[in-house]
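> Quick one: sequence plus predicted model below, questions after.
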Amino acid sequence: MEQFVVFRPSGEVLYHFGASGRKLQEQQVNKIVSELVGSPPRKTSNNGFPVINLGSFAAMYTSTMQPHVFYLVTFAAETLELSQLANKLLQLGTDLWASLGLNEIIAQNLSGRNEKNEHNFTWCLNGAGELIGKFGEYFGAKFDEICSETRSLNGEAQQQTQAAPSLLGSVSKAQGKSKSKKKPQKGTGVKNRKWGRDGIMEDTYEGDSSTLDFSESASDFVAASESRENSVVDESTFGTRTGKGEFLIKEIDELLSKSKEVKSRQQQASTTTGAFGFLQKHLMGNKTISTTDLKTTLDKFRQKLITKNVAPEAAEYLCSQISQDLVGSKTPNWTSVEAVAKQSLQTSLTNILTPGVSVDLLREIQEKTATVDGKGHKSPYVFSVVGVNGVGKSTNLSKLAFWLLQNNLKVLIVACDTFRSGAVEQLRVHVENLAQLTDSAHKRGSKNKRGKTGNDHVELFESGYGGSDLVTKIAKQAINYARDNAFDIVLMDTAGRRHNDPTLMSPLKSFADQANPDKIIMVGEALVGTDSVQQAQNFNAAFGKERNLDFFIVSKCDTVGDMLGAMVNMVYATGIPILFVGVGQTYTDLRTLSVKWAVDTLMS
C-alpha cells in the first residue's frame, strides 16, 4: 500500500497517510481524479469498492455524497494480496472516519453555521483538529496491525504449500490446514467465558479448564505459568501499539463496531411505512415548543433515565436542560417534538460525560519523569487509588499497572491497605502475575536484586499491617524509594472505607497532604446505582478544600448491560471526569471511556 487519502472534489486534502512516512503523492491523486472525470471504473473489488488500474499503480476508492468526500487507497499493482489489503484499509478508513463524526462536522461547516475567519471563510474541518489527530493515531495503529496480519497469513500460506496451480489454490490449502489445527483435542470441552460490554456472555475459547487455575503444580511449573498467563491477559482484547511505541487502550475496535450498529439502526429507521409514517415525516414540524408540549416527553425521559440507574436529581437536571434548550424554539420541518427533545437529551448527556479538561496521562507522566533533582534522581509520578470496600481497587490498580508497563514505564506498587487482612498478599499475587507477563523467565516467589517481590519492571513495596500512621509512613518511604531506584510510577493502594463513616473518611485528608500524589483516583462500580452520587461527593470532599479527586475508574461495566447511570451520577455530582472503565476480570479489561459509546448505550 502506498497511501490513503481523504479529499473533497474541490481539491481540499482532508487527511493523508503515507506508507513508511511518505509524503502526499499528488500526481497519483490527480490521475485518479482525471480518470473519474473521463470514464467510469471498469471493475470492482469483492466487497464492491471500485478499482482503477493505471499501469504504474492501482487505486481503490469510495465516496460519500452528504458531504461529498472521496476516500482513496493507492497500491503498486493489482495483485490479489494487495487488493485484499487495500480493501481492508479502505473499509477501516471509511468506518473510522464515520465513527468519529467527522462528516457531520464537515457538513456543519459547509452549511455556514460555524464561525468564519476574517476572510469570511470557514475551513471544512474547523473544530475537528483533535478528532483528526485521533483518526490519524488510530488509523496508523490499525494499519500496522492489518499489515502484520496480512504478512503472517501470506507467509503461512507459502509454507503450507510448495507447489500449487494458482495463488487462490495455495490460499485455500492454507485455510484448510489452519482450520485443522484449531480442532479441539480430546477431553476438552470447557469454555472460558467472557462478558461483553453489553453484559452478554461470550464463549471465547474452548480448551482445558486449567487455564483458570492459579494453583501451583510442583511437577509442571512451566505449563502452569503458561496457562496462568493466558488467563490473566489477552492482548488482542486490550489495545494497539502506535508507531511511537505508546500503547493505546482499546477504543478503536469499539468505535468501529459502534459505527456498524449505528448504520444498522439508521437503515431500520429509514424503512418507515404506512399512513402514520407518511404523516409523521411530511406534516410534523415548524412548531413553536412550549412547556406543555414537553411535559409528556420529559416525564417519559425522566422515567427511562431512572430505570437506567441515573439518580433522580441527575435525571431532573437533564430534563431541565432540555426545557432551557427547547422552550420557545421551533421544531425543524418534518420533525416531532419528541425527536428534537431526544437530540437535546443526547447533547446534555454528552456535555456531562465529556471531560472539561484534557487528560493525557502519558504526556503528563513523561513531563514529570523527565525532570531530575540535584542528585540526578528523576521524580516518580504518583497515583493513589481510593474507594468503597469491594469495588475493585486492587484489581483496577493492577490493570492500570499493566497498561503503564506496556508503555515501558517502571512501576512500584505500594501496599497502603494496612487494615484488611490479606490485602498485602493480594497485591503480591498481582505483582507476581505482572512480573511474569513482563519477563517470561521470572519465577514466582523469587525476589529481585533488591530483595523485593517482582522484577526490574514491576515491584511491590510493603511494610505489613497497622494503623493510619503506618499508612502515611509507608507512602512517604515508597516515594523516596522510587526516586532512589529510578521508578517512573508509584501506584498506592489504600484501604476500602464506607463513604458515610466520618471516622474512616477523615484520615484521607492527612494522607493526601503528606503523600501529595499527582493523581487521586476513585474506583466506583457501575452496579452501585443511585448511591454513586453520595459516594462521589463524600470522597471528593474528604481531601479538603485544597484538593479533589482527579478522575474516576468505573468498574464492573460488563455486569450492567445498558444501565450505565452510575457514570452520569458520579460526574454530575462532582464534575470529575471518568478516564477508564473496567469491563472484565483480566488485566486487559480496561478501556478509556468512549463518551459516544456511553451516551448511545444510555439512549438505547
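Happy to help now that I have it. Numbers count the residues shown, from 1 in each chain.

> name the element Leu460 belongs to?
Using DSSP states H and E, Leu460 maps to strand 458-461.

> helix/strand/coil for Val385?
Following DSSP: H, G, I helix; E, B strand; the rest coil, Val385 is assigned to strand.

> Next one, pLDDT for it please.
On pLDDT, Val385 comes in at 93.

> Quickly list the domain ranges of this structure.
3-109+132-143, 287-353, 361-596 (the TED database).

> Give the buried residues for the strand holding Leu460.
Under the neighbour-count criterion of 16 or more other C-beta atoms under 10 Å, strand 458-461 has Val458, Glu459, Leu460, Phe461 buried. For the C-beta atoms, the positions are set from N, CA and C on the backbone; glycine is no exception.

> For Thr530, give its distance to Ala536.
Distance of Thr530 to Ala536, given as C-beta to C-beta, to the nearest Å: 11 Å.

> Kindly report the same for Ser468.
Taken as C-beta to C-beta, the span from Ser468 to Ala536 is 23 Å.

> can you check Ser111 too?
40 Å.

> Looking at those two, which one has more neighbours?
Comparing Ser111 with Ala536 by other C-beta atoms under 10 Å, the one with more neighbours is Ala536, at 25 against 10.

> quick one: buried residues of the helix or strand harbouring that one?
Ala536 is part of helix 532-541 when elements are defined by DSSP H and E. In terms of neighbour count (16+ other C-beta under 10 Å), helix 532-541 has its buried residues at Ser532, Val533, Gln535, Ala536, Asn538, Phe539, Asn540, Ala541.

> hmm, back to that, most tightly packed of the domains of the chain?
The highest mean neighbour count among the domains of the chain, using mean count of other C-beta atoms under 10 Å, belongs to domain 361-596: a mean of 19.

> if we can go back for a sec, off-centre distance for the helix holding Ala536?
25 Å (C-alpha atoms, centre = their mean, to the nearest Å).

> Quick check: mean pLDDT of it?
In this model, helix 532-541 carries a mean pLDDT of 91.

> Kindly report the same for stretch 23-41.
77.

> can you list contacts of that stretch?
2-3, 5, 7, 13, 16, 18, 50-52, 54, 57, 59, 61, 72, 74 (C-beta atoms under 8 Å, 6 or more residues apart in numbering).

> again, 10 Å this time
With C-beta atoms under 10 Å, 6 or more residues apart in numbering as the test, stretch 23-41 has contacts from 2-3, 5, 7, 9, 11, 13, 16-18, 49-54, 56-57, 59-61, 63, 70, 72, 74.

> how about that stretch as PDB, C-alpha atoms only?
C-alpha atoms of stretch 23-41 as PDB (Å, rounded to 0.1, in the frame of the first residue of the first chain):
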ATOM      1  CA  LYS A  23       4.700  12.500   1.600                       C
ATOM      2  CA  LEU A  24       1.500  13.000  -0.400                       C
ATOM      3  CA  GLN A  25       1.900  11.800  -4.000                       C
ATOM      4  CA  GLU A  26      -0.300  14.400  -5.600                       C
ATOM      5  CA  GLN A  27       0.300  13.100  -9.200                       C
ATOM      6  CA  GLN A  28      -1.400   9.800  -8.200                       C
ATOM      7  CA  VAL A  29      -4.400  11.600  -6.800                       C
ATOM      8  CA  ASN A  30      -4.600  13.900  -9.900                       C
ATOM      9  CA  LYS A  31      -4.500  10.900 -12.300                       C
ATOM     10  CA  ILE A  32      -7.300   9.200 -10.300                       C
ATOM     11  CA  VAL A  33      -9.500  12.400 -10.400                       C
ATOM     12  CA  SER A  34      -8.800  12.700 -14.200                       C
ATOM     13  CA  GLU A  35      -9.800   9.100 -14.700                       C
ATOM     14  CA  LEU A  36     -13.000   9.500 -12.700                       C
ATOM     15  CA  VAL A  37     -14.000  12.600 -14.700                       C
ATOM     16  CA  GLY A  38     -13.100  11.000 -18.100                       C
ATOM     17  CA  SER A  39     -14.600   7.500 -17.700                       C
ATOM     18  CA  PRO A  40     -16.300   5.200 -15.100                       C
ATOM     19  CA  PRO A  41     -14.300   2.500 -13.400                       C
END
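
> begin at 216 from here
Happy to do that; since the first residue is 216 now, the last one works out to stretch 238-256.

> so how far is it off the chain centroid?
36 Å.

> now whichever strand or helix holds Gly739 against helix 747-756, angle please.
Take DSSP H and E as the rule and Gly739 turns out to sit in strand 734-740. Here strand 734-740 runs at an angle of 160 degrees relative to helix 747-756 (axes from the mean of the first three to the mean of the last three C-alpha atoms, to 10 degrees).

> Nearest to Thr337, out of the domains of the chain?
domain 218-324+347-358 (5.0 Å; C-beta to C-beta).

> about what we covered before: I'd like the domains of the chain as CSV, with distance to Leu340 appended.
Shown next, in CSV, are those (distance: least, C-beta to C-beta, whole Å):
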stretch, distance to Leu340
domain 218-324+347-358, 6
domain 502-568, 20
domain 576-811, 19
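
> hang on, isn't Val786 packed against Leu568?
Yes: at 5.9 Å, Val786 counts as touching Leu568 under the criterion of C-beta atoms under 10 Å.

> if we can go back for a sec, give me the common contacts of Thr745 and Ala751.
What both Thr745 and Ala751 touch, as defined by C-beta under 10 Å, 6+ apart, is the set Ala781, Asn784.

> still on that earlier bit, now for the helix or strand following the helix holding Ala751, which elements pack on it?
Going down the chain from helix 747-756, the next helix or strand is strand 766-770, by DSSP H and E. Packing partners of strand 766-770 (3 or more C-beta pairs under 10 Å, 6 or more residues apart in numbering; DSSP states H and E): helix 608-621, strand 734-740, helix 747-756, helix 780-789, strand 793-797.

> Let me see the ranges of the strands in the stretch 566-715 of the chain.
596-601, 626-630, 673-676, 704-708 (DSSP state E, counting those that start in this stretch).

> Make CSV out of these and add distance to Ser661.
Formatted as CSV, the strands of the stretch 566-715 of the chain follow (distance: least, C-beta to C-beta, whole Å):
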stretch, distance to Ser661
strand 596-601, 26
strand 626-630, 17
strand 673-676, 12
strand 704-708, 21
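
> and of these, who's closest to Ile736?
strand 596-601 (5.0 Å).

> now for that closest one, which elements pack on it?
helix 576-584, helix 608-621, strand 626-630, helix 683-699, strand 704-708, helix 722-730, strand 734-740.

> Tabulate these (CSV), appending distance to Leu805 and mean pLDDT.
Converted to CSV, these look like this (distance: least, C-beta to C-beta, whole Å; pLDDT from 0 to 100):
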stretch, distance to Leu805, mean pLDDT
helix 576-584, 12, 89
helix 608-621, 4, 92
strand 626-630, 15, 94
helix 683-699, 22, 90
strand 704-708, 13, 95
helix 722-730, 24, 89
strand 734-740, 11, 93
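
> so which of the ones you listed comes closest to Thr512?
So among the helices and strands packed on strand 596-601, strand 734-740 is nearest, using C-beta to C-beta, at 30.5 Å.

> can you give me the angle that closest one makes with helix 576-584?
Using the same axes, to 10 degrees: strand 734-740 against helix 576-584 is 150 degrees.

> surely His283 meets Arg223?
Yes: with contact defined as C-beta under 10 Å, His283 reaches Arg223; the gap is 6.5 Å.
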